[in-house]
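Trainee: okay, here's the prediction I keep looking at, along with the sequence it came from:
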Amino acid sequence: MDRHEIWRRVQYDWQQANARRANGYVPFVRVWVAGRPEPIELGWVETRRGRDETWVRFETAAPPADETKAIPPGCSWVHVPESAVLGVEVAYRRADQPGIGFTHTIAPDDPDEADAELAA
């Protein structure tokens, strides 16, 4: 079983929804996680390749604070076991509400590799 397939599918669905959206609307992604009363609106998802790394890292949707690419207030990272993911939805909302893209990445097995990529 490919543990990452769902996130590739969600990214594809978001891209299709964005390309085929009606005027005045933007797509967004929400995920429901066990133990949280409200879904999380996503901007980015990271999964790991290692068989023993069965967690998912979500970055909440937040528009950039400014052109410096500073992490904006209201942005958070949520780490959960894959088994805590209950469902994912790609939906539309009016474009006058803030929109954010959606990205899925599969991180390197070694956290030091990720640090090297960030420094590059």
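Mentor: Received, thanks.
Trainee: low-confidence regions, this protein specifically.
Mentor: Applying pLDDT under 70 to the chain flags the ranges 1, 62-67, 97-120.
Trainee: the spatially most central residue of the chain and residue 52, how far apart?
Mentor: Centroid-nearest residue in the chain, with CA atoms, centre = their mean: residue 44, separated by 2.5 Å. Counting by CB to CB, to the nearest Å, the gap from residue 44 to residue 52 is 23 Å. Heads up, the C-betas are built off the backbone N, CA and C, glycines and all.
Trainee: picking that back up, part of a strand, is the residue nearest to the centre of the chain?
Mentor: Yes. Checked against DSSP: H, G, I helix; E, B strand; the rest coil, residue 44 lies within a strand.
Trainee: numbering from 56 from now on, please.
Mentor: Sounds good: first residue 56 from here, last item residue 99.
Trainee: quick check: beta-bridge partners of it?
Mentor: In this entry, residue 99 is beta-bridged to residue 114, residue 158, by DSSP bridges.
Trainee: would you agree it is in contact with residue 131?
Mentor: No. Judged on CB atoms under 8 Å, residue 99 makes no contact with residue 131 at a distance of 11.5 Å.
Trainee: the residue located most distally from the centre of the chain in helix, strand or coil?
Mentor: Largest separation from the mean C-alpha position in the chain: residue 78, at 23.9 Å (CA atoms, centre = their mean). Under three-state DSSP, residue 78 falls in the coil class.
Trainee: mind checking the end-to-end distance for stretch 66-81?
Mentor: Start-to-end span of stretch 66-81 (CA to CA, to the nearest Å) is 14 Å.
Trainee: swap that for stretch 84-104, please
Mentor: Stretch 84-104 has its terminal residues 23 Å apart, counting by CA to CA.
Trainee: list the buried residues for it?
Mentor: 84, 86, 88, 95-103 (16 or more other CB atoms under 10 Å).
Trainee: repeat for stretch 70-83
Mentor: Applying 16+ other CB under 10 Å to stretch 70-83 flags 72-73, 80-83 as buried.
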